[in-house]
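S.K.: turn this into a structure:
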Amino acid sequence: MKVLKKIVFAFLVVLVLAVLGGYIYFDQKFTPEKNYLTVDNESGFISFKWLGSEKNVLLLPIHFSNDTIAYYLQFDTGSPYTACAMSYIYRILHHRKAIF
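M.R.: So this is what the prediction gives:
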């Protein structure tokens, strides 16, 4: 019985050391570098244009210093397709069903 207790105790010690070593290793390996980014002059309210239901797009205005023109960037949500493309997708699916 003493031998079994020593084996189990040794196994638990090795297991605890392995888990502790793995934790320290992965904590250091995957800790990101310090962020040195500073943001000055944060904007408050941002006006935007919504172009309606026939064109589902959200435009954000940007301005450059020494330029009087307002430029617009399209806000992108990362969707793989837009609502405008859905009509084409439905037509392709309908046409494909008619062929097969």
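
S.K.: avg pLDDT for the longest helix along the chain?
M.R.: The longest helix of the chain (DSSP state H) is helix 2-29. Averaging pLDDT along helix 2-29 yields 94.

S.K.: what packs against that helix?
M.R.: Where contact means 3 or more Cβ pairs under 8 Å, 6 or more residues apart in numbering; DSSP states H and E, helix 2-29 is not packed against any helix or strand. In this view, the C-beta of every residue, glycine as well, is placed from N, C-alpha and C.

S.K.: now do the helices in the chain.
M.R.: 2-29, 83-99.

S.K.: list the contacts of His63.
M.R.: Ala70, Tyr71 (Cβ atoms under 8 Å, 6 or more residues apart in numbering).

S.K.: please renumber so the chain begins at 17
M.R.: Okay, residue one is now 17; in that scheme the one you just asked about reads as His79.

S.K.: measure it to Lys50 for me?
M.R.: Distance, His79 to Lys50, by Cβ to Cβ, to the nearest Å: 32 Å.
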